[in-house]
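A.B. asks: I'd like to go over a predicted model; first the sequence, then the structure.
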Amino acid sequence: MPDNGKLKLGLYWAASCGGCEIAIVELREKILIVDQVADILFWPVAMDFKYKDVEAMPDGHIDVCLFNGAIRTSENEHLAHLMRRKSKVLVAFGSCAYEGGIPGLANLFDRQSIFERAYLESPSTDNPQGILPQTSYQAPEGEIHIPKFYNTVKTLGQVEDVDYYLPGCPPQPHQIWAVIEAILSGNLPPKGSVVGANDKTVCDECKHTREEKRIKKFYRIHEIIPDTTQCLFDQGLICAGPATRGGCGALCPQVNMPCRGCYGPAPHQIDQGAALLSAVSSVVAADTEEEAARIVGEIADPIGTFYRFSLPSSLLHRVRLG
Amino acid sequence: MSDNGKFEPRIVGFVCNWCTYAAADTAGISRLQQPPNVDVVRVMCSGRVDPVFILKAFAEGADGVIVSGCHPPGDCHYNSGNYKTFRRMPLIERLLEQYGIEKGRFHWGWISGAEAPKWAQLTRDFTEQVRNLGPLNWKRMFASKEE
C-alpha cells in the first residue's frame, strides 16, 4: 500500500477492442469509490500516461495491474513484461488476455495472409504501390520504428507469469467489482485462480427449459427465430453454454442469443472447443454413419464456432504454418 | 527419428477394450507382421475417446492418430457406444482439416475381435501413409515460427 493508504492501480490494453475499459466505466457510480480507494498510475486509454512514466517506477511499485487484450505485437509483449515487472499482482483481464479472445481467431491465418488481405485485397483498400507495414522505415527526418506484428496471437499467460484470470468479453461489472473488493480486503484466492466467475457452466445459470436433445439439423442464428423458453441447443442452435464457465448470469441466452463462450472453458476442462465439439456431436440424432456425417457436415467453420474466444489457449494454439 | 536418421512416424492408436484391442492382441499372439510405430492406448469404448485425447496426441508430437472400435450397429459391448463414435469423429475430422492436419494423419473405423489380420494390415498401411506425409512436429512448428 502507498503512503496515502491508497491502492496503486495500473490498467493496460494490448490487442483489444476497448470493451474491457467500457466494462470498468460500467461500474458507474462505484467508479468514484475506486477513485477514493485507489490511485490510478497508468491507464493509457483514459488518461495521459507515457510508457516512460511506468519505466521510471521502481519494480513492484504498482499494487495491481488489470491487463486486457491479447499479445499480438512486439509492443504488446514488451508492455506485458514491463507491467509484470512493475506490478505486485498481474491480472489477465477479459477474454483476450485470458484465452486470446476474438483477436486470437487471427491464428486461423498468418502474418503474410493477414497483411495481404488487409493492405492489398480488401475492397476498400487503395494501395497501388503494394506497401506493407515495415518494422523500420528511413524517413527524411530519421528512422521510424513500429512494433513487429507476430504470426501468432498469444495470451498474456503465454508470455508472462499471471496471478489471476478474470474472464469475459467483457467481464461483467458486478464481477469486476467483486474482484476489486476482494483485492481491497486482501481476501484473494490462490495464485493462478480464475476470479470474477463461478465454478459452474453457463447452462447452470440459464433459465431456458432443457429436454433431451435430438438434433437433426443445426441452424445458424440468422436461420430461425428460436422459441424464447426452450433451450436454444435443443432447438438446433450451437450454444457454448455446456462448455463455458458461468459467472455472466447467462446474459446472451436470456435474450435468445446462444452463448458464444467468452467466459472460457468450464472448470477442469483443458480445451473448450473440444468440450463443445463433444457436446454438439453427442446430440446428433443419427443412426447411420452417413447421416451423422451429413448433419455435422453442415456446421460452418468448426474452429470459429467451437474456439470463438479460445483458439490461442487451446491445445493446438493455431492452424498449421507451412 | 530412428537411429539411422530415417523418419519413423509416431502413431497413437485409441482402441476399444472389447473389439479392436482384442484384434490387436490376437494379431500379436498370431505373430502377424506389424510395424512398431503404433502406440496402442486401450480405452473401454471408442465412444469414450474425448476429442481432447486426439488433439493432445497431435499437440505433443504424434504424427498420426487411430481410433478404432466395434462395428455398428450391433457389435458394441455397451450397445450404442460406437454410435457416439461415428457422431463425433466426422466433426473431429473436419476440425483437424481446418487446423491444417492432413486427412491421412487421422483414421477412425471399426475392427472386431475376429479381425486380427485387418488390424495388422491397418498398422502397416497407416504407418506407410503417415511416413509419406512426413513429420508433423506440431510443438516445434509452434515454437519456431510463432513470431
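C.D. replies: Ah, there it is. Computed from a prediction, not measured in an experiment: that's the story for all the values here.

A.B. asks: how about the residues of chain B that lie near chain A?
C.D. replies: Those residues of chain B that sit near chain A, judged by Cβ under 8 Å from any Cβ of the partner chain, are B:50-52, B:55-56, B:58-59, B:72-73, B:83-84, B:86-88, B:90-92, B:94-95, B:98-101, B:138, B:141-142, B:145-147. (C-beta placed from N, C-alpha, C; glycine too.)

A.B. asks: could I get the full set of helices for the stretch 151-300 of chain A?
C.D. replies: Remark: helices assigned in the stretch 151-300 of chain A by DSSP state H, counting those that start in this stretch are A:156-159, A:173-185, A:202-205, A:251-254, A:272-282, A:289-297.

A.B. asks: quick revisit: narrow the residues of chain B next to chain A to those in helices?
C.D. replies: Of those, the ones assigned to helices by DSSP state H are B:51-52, B:55-56, B:58-59, B:83-84, B:86-88, B:90-92, B:94-95, B:98-99, B:138, B:141-142.

A.B. asks: which positions in the stretch 101-250 of chain A make contact with chain B?
C.D. replies: Near chain B, when you scan the stretch 101-250 of chain A using Cβ under 8 Å from any Cβ, you find A:108, A:148, A:150, A:151, A:152, A:154.

A.B. asks: where does the prediction get shaky in chain B?
C.D. replies: In the predicted model of chain B, residues B:1-4, B:142-147 satisfy pLDDT under 70.

A.B. asks: which elements pack onto the strand or helix carrying residue A:52?
C.D. replies: Taking DSSP states H and E as the criterion, residue A:52 maps to helix A:51-55. Contacts defined by 3 or more Cβ pairs under 8 Å, 6 or more residues apart in numbering or on different chains; DSSP states H and E place helix A:51-55 against strand A:38-42, helix A:74-86.

A.B. asks: repeat that for 7 Å
C.D. replies: The contact analysis (3 or more Cβ pairs under 7 Å, 6 or more residues apart in numbering or on different chains; DSSP states H and E) places helix A:51-55 against helix A:74-86.

A.B. asks: what are the buried residues along the helix it packs on?
C.D. replies: Residues of helix A:74-86 classed as buried by neighbour count (16 or more other Cβ atoms under 10 Å in any protein chain shown): A:74, A:75, A:76, A:77, A:79, A:80, A:82, A:83, A:84, A:85, A:86.

A.B. asks: and the pLDDT at the closest residue to chain B within the stretch 1-150 of chain A?
C.D. replies: Nearest residue of the stretch 1-150 of chain A to chain B: residue A:150, at 5.3 Å (Cβ to the nearest Cβ). Note on residue A:150: pLDDT of 93.

A.B. asks: angles on the backbone of it, please.
C.D. replies: Note on residue A:150: its backbone torsions stand at phi -80, psi 160 [degrees, to the nearest 10].
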